[in-house]
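**Q** Attaching a predicted model along with its sequence, questions to come.
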Amino acid sequence: MDRKKVTIADLQKKKETGQKITMLTAYDYPTASLVDQAGIDTILVGDSLGMVMLGFESTVPVTMDDMIHHTKAVVRGTKYGFVLGDMPFMSYQISIAKAIENAGRFIKEAGCDCVKLEGGTEMAPVVKAIVDAGVPVCAHIGLTPQTATKLGGFKVQGKDAESAMELVQSAKDLEEAGAFMIVMECIPDLLGEKITRQLSIPTIGIGAGKDCDGQVLVYHDVVGLFERFTPKFVKQYINLSPKIREALIQYKEEVETGAFPGPEHSFAMKKGEAEKI
Ligand code: KIV
């Protein structure tokens with residue numbers, strides 16, 4: 001297929017012409033290849049990998065080294081998609097210098113195209129500093145999983161007028177600070193639509209309604225590979241876990257009964273050599 005790698009200008013153009021932007025997460029080489037072959041515009045190496053790949057209860061324990069390791073694999077599997085590296089908890093909060101250094105690692109070591117970080121107005125100076133240092137930043141507002149405890153748990157944000165207005169202000173401040181795109185997680189669809197209309201940069205929704213400029217979901221949720229829980233905003237397009245389990249049980253049975261490997265999976269010696277051993 002003759003496709004060019006997606007750029008920030010392409011994403012901006014999609015917003016301006018009303019074409020929806022697609023985003024999925026990926027955390028490894030084979031998944032990134034599949035997502036890329038499907039023609040998804042943007043691939044997020046989300047810190048959700050802490051939960052769906054590493055088995056943690058939340059995204060909080062994920063480290064910069066975890067993120068760099070997974071992002072490198074995703075970049076190797078991607079030819080076309082625009083790759084976002086998700087800055088993990090405490091990689092950008094301690095100081096602006098540390099935030100710039102860690103954002104730089106995503107670009108220099110992992111080879112991705114931009115970073116994403118969570119937070120509202122309070123993160124605008126960090127976004128500005130990273131952008132000024134030459135690294136494009138995607139912001140993330142609404143339900144921000146790294147600080148879910150502070151938000152009172154994994155809850156829809158911006159349900160009353162006051163908190164909704166705060167989110168509108170955050171989105172504007174982050175755009176002003178230089179963010180080129182903004183993820184909005186778990187907010188009422190009406191608020192998703194209002195923010196999308198008021199910003200000139202693209203918005204990507206996850207549980208933020210259909211009027212965002214694009215949508216993102218976690219790969220494992222979309223293909224049924226994460227069985228611990230499924231948020232309301234997820235649509236599962238295929239349920240792979242039972243199918244994989246079935247295949248693995250069949251493999252176990254065939255090994256135990258001797259049905260596998262068959263002659264078609266085995267190698268013969270050269271003619272006349274078998275007698276010599
Ligand atoms: O880490 C992640 O996968 C994310 C998405 C849910 C937006 O931040």
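**A** Alright, I've got the coordinates. Numbering: from 1, shown residues only.
**Q** if I read this right, Ala179 contacts Val127, doesn't it?
**A** Yes. The pair Ala179 / Val127 is scored as a contact, 5.3 Å apart, by C-beta atoms under 8 Å. The way it works is simple: take the backbone N, C-alpha and C, and place the C-beta from them, glycine included.
**Q** okay, these two: which has more neighbours?
**A** Regarding Ala179 and Val127, a neighbour count based on other C-beta atoms under 10 Å identifies Ala179 as having more, with 28 against 25.
**Q** Pop out the phi and psi values for the more buried one.
**A** Taking degrees, to the nearest 10, you get phi -60, psi 140 for the backbone angles of Ala179.
**Q** Quick one: residues contacting it.
**A** When contacts are counted by C-beta atoms under 8 Å, 6 or more residues apart in numbering, Ala179 is found next to Val127, Val131, Val137, Cys138, Ala139, Ile201.
**Q** Okay, and which of those map to helices?
**A** Those of these mapping onto helices are Val127, Val131, per DSSP state H.
**Q** pLDDT added to the contacts of Ala179, as CSV?
**A** Output for these, formatted as CSV (pLDDT from 0 to 100):
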residue, pLDDT
Val127, 98
Val131, 98
Val137, 99
Cys138, 98
Ala139, 98
Ile201, 98
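**Q** For Lys243, what is the enclosing helix or strand?
**A** Taking DSSP states H and E as the definition, Lys243 sits inside helix 240-257.
**Q** quick one: average pLDDT of that helix?
**A** Mean pLDDT, computed over helix 240-257, is 98.
**Q** Give me the residues contacting that helix.
**A** Contacts of helix 240-257 from elsewhere in the structure, counted by C-beta under 8 Å, 6+ apart, are Val223, Gly224, Leu225, Glu227, Ala259, Phe260.
**Q** roughly how far apart are the last one and Pro242?
**A** Going back to what we said before, that points to Phe260. Shown here: Phe260 relative to Pro242, a distance of 21 Å by C-beta to C-beta, to the nearest Å.
**Q** Could you check which of these two is surrounded by more residues?
**A** Legend: neighbour count by other C-beta under 10 Å for Phe260 and Pro242, higher for Phe260 (13 against 10).
**Q** That one - that's part of a helix, no?
**A** No. Applying DSSP: H, G, I helix; E, B strand; the rest coil, one finds Phe260 to be coil, outside a helix.
**Q** low-scoring pLDDT stretches of this structure, where are they?
**A** Within the chain, the ranges that satisfy pLDDT under 70 run 1-2.
**Q** domain parsing for it?
**A** According to automatic domain parsing, the chain is divided into the following domains: 8-240, 243-276.
**Q** just those: most buried one?
**A** With neighbours taken as mean count of other C-beta atoms under 10 Å, these reach their highest mean count in domain 8-240, at a mean of 19.
**Q** Distance from the chain centre to that domain, please.
**A** If you compare the mean C-alpha spot of domain 8-240 with that of the full chain, they lie 6 Å apart, counting by C-alpha atoms, centre = their mean, to the nearest Å.
**Q** Hmm, Gly224 is touching Val234, no?
**A** No. Under the criterion of C-beta under 8 Å, Gly224 is not in contact with Val234, lying 9.9 Å apart.
**Q** which residues of the stretch 1-150 of the chain fall in strands?
**A** In the stretch 1-150 of the chain, the strands defined using DSSP state E, counting those that start in this stretch lie at 21-25, 42-45, 82-86, 114-118, 137-142.
**Q** of all the residues in the chain, which ones are close to the ligand?
**A** Thr25, Leu44, Gly46, Asp47, Ser48, Asp86, His140, Val183, Glu185, Ile206, Val216, Val218 (C-beta under 6 Å from any ligand atom).
**Q** mind listing what the second one touches?
**A** When contacts are counted by C-beta under 8 Å, 6+ apart, Leu44 is found next to Met23, Leu24, Thr25, Ala26, Leu84, Asp86, Lys116, Val216.
**Q** contacting residues for the fourth one?
**A** In this structure, Ala26 makes contact with Ala32, Val35, Ile43, Leu44, Val45, Val74, Gly77, Thr78, Tyr219, judged by C-beta under 8 Å, 6+ apart.
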